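S.K.: 3D, please:
(chains A and B)
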Amino acid sequence: MASNGLKIAIVGGGLAGLAAALKVAEAGHEVDLISVVPVKRSHSVCAQGGINGAVNTKGEGDSPWKHFDDTVYGGDFLANQPPVQKMCEMAPQIIYLFDRMGVPFSRTREGLLDFRRFGGTLHHRTAFAGASTGQQLLYALDEQVRRFETEGKVNKYEGWEMLSLVLDDHQVCRGLVAMNLQTLELKAFYADAVIMATGGPGMIFGKSTNSMTCTGSAVSAAYQQGAKYANGEFIQVHPTSIPGEDKLRLMSESARGEGGRVWVPRNPGDNRNPKDIPETERRYFLEEKYPAYGNLVPRDIATREIFQVCLEGSGVGGENQVYLDLTHIDAGTLTRKLGAILEIYEMFVGDDPRHVPMRIFPGVHYSMGGLWVDFEQRTNIPGLFAAGECDYSIHGANRLGANSLVSCVYGGFVAAPSAIEYAKNVERKNTETNGIHAAELRRQQEINSQIIKNEGSENQYKIHDEMGKWMTDNVTVVRYNDRLKATDEKLVELQDRFKRISINDSNLWATQALPHARQLWNMLQLARVITLGALNRDESRGAHYKPDFPDRNDEDFLKTTIAEWSAEAPVLSYEAVEVGLIEPRKRDYTKGKAKAAVTNDSTAEKGGAAQIQQPGSELKPQGREETWVKEGRKIQEGESFKELNDKERERGEQ
Amino acid sequence: MSNSNEFKEKKRLTNPPQTVDIKIQRRDKLGENAYWETFTIPYRRNLNVISVLMDIRKTPVTKEGKQTTPPVWDMSCLEQVCGICTMVINGRVRQSCSALIDDLLVSDGGNTITLEPMSKFPNVRDLKVDRTRMFEHLKQVNAWIELDGTHDLGPGPTMSQETAQERYAYSRCMTCGCCLEACPQYHDDNYIGPQAIAQARYQNMHPTGKITIDERLEGLTQEDGITNCGNAQNCIQVCPMGIPLTRAIYETNRDITVNALFGWLRK
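M.R.: You can find the predicted model right below:
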């Protein structure tokens, strides 16, 4: 069937991009789908835990409103409430749709969809497919989009990277320019509307739990062309990841739940084999500082304490790592309860955690911030839309586990009809023929030529490493204004040094040096947005924590940070948050602790561990450790660590 | 520690070398001749093949001290779920993100690690290959459910947890291509291979997918179809996700036979 003349370009082929592509193709319009990797290899595959939707099949009285309340509360009230409500209402339909597509969700005895509990809620609201729900959902959309591809409605450009938007004289988006990563050919794509669905910017932090494709480069390009970037400073950090030379990989918090102890050698220079370090020469810093909960402190506290110890230079071997020790527990018990996650550690580190203490460190995991969009996923640039992790709209100051997948699909499902509606009404005038596409293509070609020609002494990979280290050290878990200022100065210095890089690859065929250089420049721009947003926000809220401003300050900062590009520095402004539906209240999970329900979904995860959640694990109010310790209670004899802790494992693990 | 004997402590390098040699098969461009270059990198305990390549990329100088171009390879998730970083390491096809240098030195001895691109796909440059044809195979077998539309039609058909789990095993296929690399029957895309057969089986097992089973089987009975399988069973040995590929082939063959025998009754 011929399209009725509309063409929508979608940048990014993860869950959000494919969801949008499916909707556009289904409506009979033509899609150009641009992705740096074959879409089936997008970062969505990494999401493990599940997808939230208040289907209420367990007779618990769950409802989309409760899902909405949990999400808004978990996000520390920074999200505009109307789209969050809409997402929670759509969530059950989204799960059912995936069920019809054949996703192998876990089942009940009746053959219905099974749901597990996740962090930040008391309800069974999370549908899951083994321990790789993101992979299964992405594949389901990939299959459906392939079906439309065979019908000629979707044109895939896999192995192409967006370099810039094509804007007309009135700042209206008319398409984009992308580069073929094999031939380096540039192509201008004409489009009536463009949907960005490019995911998060984890690579700005050097190493993160994100895929190597998550550079935020295309989003940054749009920002530099006038798109507003919102709440950039809100970056979620997961407390226990496995530091690798190449990336950080998640270690489930159920390891602590089963009794894992976190420690460093008391003498920071002690390089002995951990097993040879006697008990008295080990510093169990969580147990020492928080005697009531010990290693089971909530996620944000664990993250901060581990981070702080390493920042002081007390990490194992002087590096950014601490021991997470399970070796005091019977190996058979460990295999039974934690088998699957221990295998992951073994696969990527090579040590058997049953016999050798694991080395872990907090890892950058998710960006709540992203392109500013309105409630119809429209950016401030007419004709440009955004969906998924690359937009800022759903998660406020902190994302709940299993909400990322649903927000991606929701974003795509809203962006697509919104883009179609726009495309139907926009006046095309002579934009296809007036040369703006060719002009933008030439501009990008010149940037490429300049980079290729450069013969400077700087090494782009070393600049990337430096940026990652500065950002990780100063703009993640604990933030101080003087260090944020110093980081911004460093970023300016790195931008200057960038101009003196040499790409070091005389063979331009399929070179990765030029694309990386383009990405690096864009990452440096976005890094400043994150850093200055954090500097300006003198409060603590959600994932953003400043010891000098430990409380949430609704009077001054119940506002969305908006960054707009300028040549000197990002220009920040603030926009009121729409909170009309749920009155902001203090975020305090300690009260519900005693009520923590226990479930036993034997099929829940590869390891077969029970999924138990402790309300409030991750989402305890920031900066109130003291109160919290006082309110805390000692773990009772006979009470399983697991009960207190497994709940944490799922939250935010994707 | 009564159960600790169940676990064999991993064999580790007792005398780690100062340096490790990485021998890489290079190719400047599709269709040009391949050549070898060796790089020496300082040994560190937690190296995997990806981090070694990242090291080399930063300052690409060969063992002999010759400045060269940075090796090109594909990588993305680095958690062995995206499948993109597959290559042939010391003669075995696998993902490079989960290939630990220590393990390779222990199992293969010496202090040289050899990296080659997969041989069954067009070699774009160095270690990068083009696996587009694997996605084309998925088109050939209609590897999807025929959905009426994405509008709200309620839940899908009920299903037992056993069926869901069986399907889950197939749904983990990440299109990495290990099975095709190892398959003695697969050359120059003459055979659709275990990956696509397993994906057809995955859809055929679903109550809705079963409705259109004929179309999928048709895709598998063409010249490059399932009869090319020589039953070497290499595919199941190399599949990093442990997908029951030989079972998919067996069951699909059975479906085709049943279809051939009784198909005319339905006409």
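
S.K.: How about the residue of the stretch 151-267 of chain B at minimum distance from chain A: what's its closest non-neighbour residue?
M.R.: Nearest residue of the stretch 151-267 of chain B to chain A (C-beta to the nearest C-beta) works out as B:Thr158 at 3.3 Å. All C-beta atoms are positioned from the backbone trio N, CA, C, and that covers glycine. Spatial nearest neighbour of B:Thr158, excluding adjacent residues (C-beta to C-beta, 6 or more residues apart in numbering or on different chains): A:Gly111 at 3.3 Å.

S.K.: same check, this time on A:Thr487
M.R.: Nearest to A:Thr487 is A:Asn474, by C-beta to C-beta, 6+ apart, at 4.5 Å.

S.K.: The one you found: neighbouring residues, count only.
M.R.: Residues lying near A:Asn474 (other C-beta atoms under 10 Å in any protein chain shown) number 22.

S.K.: re earlier: for the residue nearest to B:Thr158, give me the pLDDT.
M.R.: If you check A:Gly111, the pLDDT there is 96.

S.K.: need the contact list for it.
M.R.: By C-beta atoms under 8 Å, 6 or more residues apart in numbering or on different chains, A:Gly111 lies in contact with B:158-161.

S.K.: Try it again at 7 Å.
M.R.: B:158-160 (C-beta atoms under 7 Å, 6 or more residues apart in numbering or on different chains).

S.K.: which one of those is nearest A:Ser566?
M.R.: Among the contacts of A:Gly111, B:Met159 lies closest to A:Ser566 (C-beta to C-beta), at 55.6 Å.

S.K.: Backbone dihedrals for the closest residue in space to the closest one that isn't next to it in sequence, please?
M.R.: In space, and not counting its chain neighbours, B:Met159 is closest to A:Gly111: 5.3 Å by C-beta to C-beta, 6+ apart. With angles defined as degrees, to the nearest 10, A:Gly111 sits at phi 90, psi 10.

S.K.: mind listing the helices in the stretch 1-150 of chain B by residue range?
M.R.: Applying DSSP state H, counting those that start in this stretch to the stretch 1-150 of chain B gives helices spanning B:49-58, B:101-108, B:132-140.

S.K.: circling back: so who does the residue of the stretch 151-267 of chain B closest to chain A touch?
M.R.: Contacts of B:Thr158 (C-beta under 7 Å, 6+ apart): A:110-112.

S.K.: Mind pulling the model confidence for it?
M.R.: Note on B:Thr158: pLDDT of 96.

S.K.: Please apply the same query to B:Met1.
M.R.: pLDDT, B:Met1: 36.

S.K.: can you check A:Lys647 too?
M.R.: Reported pLDDT for A:Lys647: 36.

S.K.: Which of the helices or strands spans the residue most central in space within chain A?
M.R.: By C-alpha atoms, centre = their mean, chain A has its centre lying nearest to A:Tyr366, at 2.1 Å. A:Tyr366 belongs to strand A:358-367 when assigned by DSSP states H and E.

S.K.: Indicate each strand paired with that strand and its parallel or antiparallel sense.
M.R.: strand A:235-243 (antiparallel), strand A:322-325 (antiparallel) (DSSP bridges).

S.K.: hey, least reliable of those by pLDDT?
M.R.: Among those, strand A:235-243 carries the lowest mean pLDDT (a mean of 91).

S.K.: which residues are in contact with that one?
M.R.: Contacts to strand A:235-243, defined as C-beta under 7 Å, 6+ apart, come from residues A:209, A:248-251, A:253, A:299, A:302-303, A:306, A:320-321, A:324, A:345, A:348-349, A:359-368, A:398-399, A:476-477, A:530, A:543, A:652.

S.K.: Any stretches of the chain with poor pLDDT?
M.R.: In the absence of a named chain, chain A is used. Along chain A, the parts satisfying pLDDT under 70 run over A:1-4, A:119-120, A:253, A:298-299, A:588-654.

S.K.: hmm, I had chain B in mind actually
M.R.: Using pLDDT under 70, chain B drops low at B:1-10, B:263-267.

S.K.: about what we covered before: and which of the contacts of B:Thr158 is nearest chain B?
M.R.: The closest of the contacts of B:Thr158 to chain B turns out to be A:Gly111 (C-beta to the nearest C-beta; 3.3 Å).

S.K.: domains for the chain, by residue range?
M.R.: You didn't say which chain, so I picked chain A. Residue ranges for the domains of chain A, per automatic domain parsing: A:7-234+A:368-433, A:239-364+A:589-650, A:439-550.

S.K.: that's the wrong chain, I wanted chain B
M.R.: B:19-129, B:132-147+B:157-266.

S.K.: quick one: which of these is nearest A:Glu389?
M.R.: Here domain B:19-129 is closest among the domains of chain B (C-beta to C-beta), at 14.8 Å.
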